[in-house]
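Asker: heads up, no residue letters with this:
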């Protein structure tokens with residue numbers, strides 16, 4: 001009995017990018033569905049029931065961040081990777097708050113997408129060594145953002161949690177973890 005291929009939904013208004021990434025992921029054994037806007041993405045999600053979605057931040061005039069909760073409502077177990085050519089710490093944090101599982105800055109290739117969606121047993125430092133021009137891992141960006149807001153609040157945990165939109169205990173758990181290493185450290 002053969003295993004069914006992992007289903008991935010690619011959502012991006014750049015049709016050439018979608019076509020190229022779709023071919024690359026299909027060649028790696030994935031079942032790929034595509035969408036180019038909000039309505040076709042929601043329809044494909046309801047019809048295909050993908051395990052993973054690769055979502056662009058900018059979908060023409062629409063915002064990919066706003067689509068994250070809608071996709072999760074349509075398919076609660078969906079793991080979402082947000083892609084953007086406009087990377088920022090604030091966008092990364094907002095994507096995670098809305099339910100994305102990871103965040104990558106464009107340009108990306110199929111191997112980077114596969115690692116972000118599925119993981120391959122390597123930690124972030126190994127990935128950075130393999131991809132020296134890659135942006136810092138999302139966990140590192142989140143850690144730095146939390147530290148920056150904490151410093152702005154003069155170490156006040158309650159105020160920091162309020163500004164970040166987190167429960168105080170959740171923030172305390174995040175602060176209790178050691179910081180994520182940067183490449184070369």
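Answerer: Yes, it's here. Note that this is a predicted model, so its numbers are computed, not measured.
Asker: run a quick neighbour tally on the nearest residue to residue 144 once chain neighbours are set aside.
Answerer: The spatial neighbour of residue 144 that comes closest, neighbours along the chain excluded (CB to CB, 6 or more residues apart in numbering), is residue 89 at 6.8 Å. C-beta here means a position set from N, CA and C on the backbone, and glycine is covered the same way. Residue 89 has 15 neighbours, counted by other CB atoms under 10 Å.
Asker: and the nearest residue to residue 102 once chain neighbours are set aside, which of the three is it?
Answerer: Nearest residue to residue 102, sequence neighbours excluded (CB to CB, 6+ apart): residue 116, at 4.4 Å. Using DSSP: H, G, I helix; E, B strand; the rest coil, the secondary structure recorded for residue 116 is helix.
Asker: what helix or strand is residue 55 on?
Answerer: strand 52-56 (DSSP states H and E).
Asker: next structured bit after that strand?
Answerer: Next along the chain after strand 52-56, taking DSSP H and E as the criterion, comes strand 58-59.
Asker: which parts of the longest helix along the chain are buried?
Answerer: If you go by DSSP state H, the chain has its longest helix at helix 138-152. Neighbour counts over helix 138-152 (16 or more other CB atoms under 10 Å) mark 138-143, 145-146, 149-150 as buried.
Asker: tell me where this protein has helices.
Answerer: So, for the chain - with DSSP H - the helices run 15-27, 38-48, 64-74, 89-98, 110-118, 124-130, 138-152, 157-164, 168-176.
Asker: the closest residue to residue 38 other than its chain neighbours: neighbour count?
Answerer: Of all residues not flanking residue 38 in the chain, residue 62 sits nearest, at 5.1 Å (CB to CB, 6+ apart). Counted with other CB under 10 Å, residues neighbouring residue 62 total 15.
Asker: how far away is residue 62 from residue 12?
Answerer: Separation of residue 62 from residue 12 (CB to CB, to the nearest Å): 11 Å.
Asker: for residue 171, same thing?
Answerer: Using CB to CB, residue 171 is found at 33 Å from residue 12.
Asker: need the residue closest to the centroid of the protein.
Answerer: For the chain, the residue sitting closest to the mean C-alpha position, by CA atoms, centre = their mean, is residue 102 at 2.4 Å.
Asker: circling back: columns mean pLDDT and distance to residue 82 on top of the helices of the chain, output as JSON lines?
Answerer: Shown next, in JSON lines, are those (pLDDT from 0 to 100; distance: least, CB to CB, whole Å):
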{"stretch": "helix 15-27", "mean pLDDT": "90", "distance to residue 82": "14"}
{"stretch": "helix 38-48", "mean pLDDT": "91", "distance to residue 82": "13"}
{"stretch": "helix 64-74", "mean pLDDT": "91", "distance to residue 82": "6"}
{"stretch": "helix 89-98", "mean pLDDT": "84", "distance to residue 82": "4"}
{"stretch": "helix 110-118", "mean pLDDT": "85", "distance to residue 82": "10"}
{"stretch": "helix 124-130", "mean pLDDT": "45", "distance to residue 82": "17"}
{"stretch": "helix 138-152", "mean pLDDT": "78", "distance to residue 82": "10"}
{"stretch": "helix 157-164", "mean pLDDT": "90", "distance to residue 82": "19"}
{"stretch": "helix 168-176", "mean pLDDT": "83", "distance to residue 82": "20"}
